[in-house]
Structures are given as C-alpha cells and as structure tokens.
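Asker: structure of the sequence below:
(2 chains)
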Amino acid sequence: MARSYETVLIFDSTLEESVFEQKLGRLKGALVDDGDESLTVTQWGTRKLAYPIGKKEQGTYVILRYDTEPDRLVEFERLAKLDEQILRQLTIVDPIESTIVPAATSTDEPAATSTGEPAATSTGEPAATSTDEPAEAGVEVQE
Amino acid sequence: MVYRRKKTCHFCENKVVIDYKDQHMLDRFTNDRGKILPRRVTGTCARHQRRLATAIKRGRFLALIPYLPDHAL
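Answerer: Model prediction:
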C-alpha cells in the first residue's frame, strides 16, 4: 500500500545544472512513474550548511513529497546513498503539511522553485512570525 | 515572595505544528551551545517537547542548525 513520504536531499552545490537535473530526474524516476501527480518538488536553492559535510560548506536543498510503495523507496534510498554528490538524505513517513521555504542564505538562487503543484512554495508560516521568547523565564519578584 | 508567571506551551497556545525544516523555530528552542532547552525553561508541554526534540535532531542532521557552536569546532 502506498504511503506518503517526504525526502530532503542535499546535493553538492558545485554540481553543474545539467548533471543536477539528470541526477534528480533519475531519483524521481525510481520513486514514482512519469506523470504521477503525487510528486511535488520544492527547491530551496543553495544554502550555507550549519557545519561542513565532507569539506563542503554549501549544499543545494531539494524537498520531494510523494506517495510510493515501500519497495520503490528502498531502491531510491540505495541510489541516493551510492551517489557521492548527495551529501545528506532524510526520508520521513506521513509528513505534515508544510509551507516552509527558508531564504537561501547564500549565493545565486533565491530559494523555492516548484515543479508540480505550486501550492507547496508559499512562505507564510506562523511559527516563524511569532514573537514571544520561550527562553525568557518571565519571573516577577515582589516583596 | 516570588511569583512566577505560568509558562504555557508555545505550540499548544498558537496551534503551531512543529516542522523540522523551520530553522528559526528550532533555533529558538536551542541555546547558544546548540543544546535543546528543557521544558522547565521554555514551558513546552511534554507532547510537544518530544516532537520538538525529534525535529531539532532532524534539523541538525540536515545541517540546518549546528550540533555545536562554530567556535567549538
């Protein structure tokens, strides 16, 4: 039975555009059939990594959301793991509806291009806009 | 006498869904050494603290937030 998944891939930012597209296309092909409407691709663009991964300071983030069969997912993860240009991959099951598109912290692309359904790329996010600081204990001292 | 304002769970109160991709939210619940803040400090409820911890660990793995501050590397 197909389940919904979300995968975050971090590609080496030095990859050429054509090679990147080719690799992404191959991975997408492993996951879903051509023209499957469940697949949504969100690209965050190139961002600075919080810490270097394999001496790389920057990575290109791609988020895939899709419905697929578990055995196809296994093949997808095998392919992604074998690819040395993919710095990280994380797949989660039954993802929440999310519209997070963080600003690209560096370089060229301004984050967020989507192929497939355009709904996944808006930037409105209540969590990011709230202002109160939970870390502040809010202690009031009275005599 | 010391009166402490009752802390409330940020996620329950604002109906915020915890997302591991929300870097700014994850940042708010970690200290300057990258450690997860305890619910004693933030007022987060137990259910959301569990989800938050998972989200922070995912965020670290994806290099959205650091495991350690820069100066410790």
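
Asker: drop to CA atoms for contacts and neighbour counts, all remaining ones
Answerer: Will do.

Asker: pass me the low-pLDDT residue ranges in chain B, would you?
Answerer: B:72-73 (pLDDT under 70).

Asker: and it, which residues reach chain A?
Answerer: B:1-5, B:7, B:10, B:16-17, B:19, B:21-25, B:28-29, B:37, B:41-43, B:62-66, B:70 (C-alpha under 8 Å from any C-alpha of the partner chain).

Asker: one more pass at 6 Å, please.
Answerer: By the criterion of C-alpha under 6 Å from any C-alpha of the partner chain, the positions of chain B lying close to chain A are B:1-4, B:16, B:42, B:63-66.

Asker: need the max-distance pair from the residues you listed.
Answerer: Spatially, the most separated pair among these is B:Met1 and B:Ala63, at 44.7 Å (C-alpha to C-alpha).

Asker: more neighbours: which of these two?
Answerer: Neighbours per residue, other C-alpha atoms under 10 Å in any protein chain shown: of B:Met1 and B:Ala63, the larger number sits with B:Ala63, 22 against 7.

Asker: check contacts around the nearest residue to that one once chain neighbours are set aside.
Answerer: Spatial nearest neighbour of B:Ala63, excluding adjacent residues (C-alpha to C-alpha, 6 or more residues apart in numbering or on different chains): A:Ala50 at 4.8 Å. Listed by C-alpha atoms under 6 Å, 6 or more residues apart in numbering or on different chains, the contact partners of A:Ala50 are B:63-66.

Asker: secondary structure and distance to B:Leu52 for these - can I get that in CSV?
Answerer: Putting these into CSV (DSSP: H, G, I helix; E, B strand; the rest coil; distance: C-alpha to C-alpha, whole Å) gives the following:
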residue, secondary structure, distance to B:Leu52
B:Ala63, coil, 16
B:Leu64, coil, 14
B:Ile65, coil, 13
B:Pro66, coil, 15
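
Asker: just give me the neighbour total for A:Glu77.
Answerer: The burial count assigned to A:Glu77 is 18, neighbours taken as other C-alpha under 10 Å.
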